[in-house]
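S.K.: Below are the sequence and a predicted model; questions follow.
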Amino acid sequence: MTLASLGGGAFAAPQAFDFKDPKGVNNAIFKLDAPLEAINGSANGVSGTVTFDPSNPGATKGRIVVAAASLHVPNPMMNTHLHGAQWMDVARQPEITFEVRELKNAKTSGDNTTADVTGTLTIKGVAKEITAPVKLSYLKGKLGQRVPNLQGDLLVIRSTFTIKRSDFAINPAAPQDKVSDEIALTLSIAGASPR
Amino acid sequence: MKRALQLLALTVALAAGAWWLAAGARAGWTQTSVPVKTIDDVTGLEGIAYQKKFVPGIDFLGAALLGAGALAGASLMFRGDAQPGFQQKHNDSNQTINT
């Protein structure tokens, strides 16, 4: 049993997954409530690296980056405001980052792991520690199905959580009866680890 | 001129209303791009891309109706076009008084 464990441990090693998606599917969705209609938008400028060990998902580390300039809402005026100095100030704060510190309550079933991830979220230059539920799906040997001529594994990360825009200095002067303080975020990303 | 402005105001209001209705009577803000969702078969992730498309919203309808109202209001600054029959009768009565 000890030998088997050692053997399994010897084969399993942390893998680095690159989240720069050549297919452009990776995205972060955001939603803020507002009187006429909710402000819905997304960002697809996702990059970063996550180190994941299939035999020890709790040891996952990494950093995910979202290019602030890739934030998009369908209304052109709102889009201009969103990128402007009062809201996201993309000219001076081009990156939104999340640095993973630790995974707690990791539960693995097959290829899926659910956990609570704690890390530092930096938006508009303001860094704050947050904890969010996360689901990791390890897709062994599936990279070739997605990117022809490449062999390797995929790691899919999904997370939905809420932050307050006042915590990150995102137009704190905007009245909350016009635009909600809460921002609902959904992250759906896949990273590749070629062999 | 008065009648022309009134007709223009009516045309603007009707055209904007018809366009707004035909585009789905969107009660939200005007959009110049619409999200198109795709599912990645391998990962199961839902990708979002934006396609350029103009979808008039309630702000577009409001602006068009405001513009139509302004045109209709401007038409009040002009005197009504004189009707030919009325003008002839008016001239005849003036001649009778002069004689």
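M.R.: Received it, and whenever you're ready, just let me know what you need.
S.K.: for chain B, what spans make up the helices?
M.R.: Applying DSSP state H to chain B gives helices spanning B:2-22, B:58-75, B:84-98.
S.K.: now the second one, how far from the centre of its chain.
M.R.: Averaging C-alpha coordinates over helix B:58-75 and over its chain gives two centres that are 7 Å apart (Cα atoms, centre = their mean, to the nearest Å).
S.K.: how many other residues sit next to residue A:29?
M.R.: Burial of residue A:29 is recorded as 17 neighbouring residues (other Cβ atoms under 10 Å in any protein chain shown). Placement of C-beta: from N, CA and C, glycine included.
S.K.: Under a three-state scheme, what state does the spatially closest residue to it that is not a sequence neighbour occupy?
M.R.: In space, and not counting its chain neighbours, residue A:29 is closest to residue A:186: 4.4 Å by Cβ to Cβ, 6 or more residues apart in numbering or on different chains. Assigned by DSSP: H, G, I helix; E, B strand; the rest coil, the conformation of residue A:186 is strand.
S.K.: What pLDDT is listed against residue A:186?
M.R.: We have a pLDDT of 97 for residue A:186.
S.K.: where do the helices sit along chain A?
M.R.: A:2-11, A:76-83, A:143-146.
S.K.: Give me the nearest residue to the residue most central in space within chain A, chain neighbours excluded.
M.R.: Nearest to the geometric centre of chain A sits residue A:187, at 4.8 Å (Cα atoms, centre = their mean). Using Cβ to Cβ, 6+ apart and skipping the chain neighbours, the partner closest in space to residue A:187 is residue A:159 (4.6 Å).
S.K.: That neighbour is in contact with residue A:133, isn't it?
M.R.: Yes - Residue A:159 is in contact with residue A:133 according to Cβ atoms under 8 Å; the separation is 6.4 Å.
S.K.: neighbour count winner among the two?
M.R.: residue A:159 (20 against 13).
S.K.: which residues touch that one?
M.R.: Contact analysis of residue A:159 by Cβ atoms under 8 Å, 6 or more residues apart in numbering or on different chains lists A:117, A:132-135, A:185-187.
S.K.: Can I get the buried part of those as one ChimeraX selection?
M.R.: In ChimeraX, this line selects whichever of the contacts of residue A:159 come out buried by 16 or more other Cβ atoms under 10 Å in any protein chain shown:
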select /A:117,132,134,185,187
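S.K.: What's opposite the nearest residue to residue A:141 once chain neighbours are set aside in the beta bridge?
M.R.: Spatial nearest neighbour of residue A:141, excluding adjacent residues (Cβ to Cβ, 6+ apart): residue A:153 at 6.3 Å. Applying DSSP bridges to residue A:153 gives these bridge partners: residue A:193.
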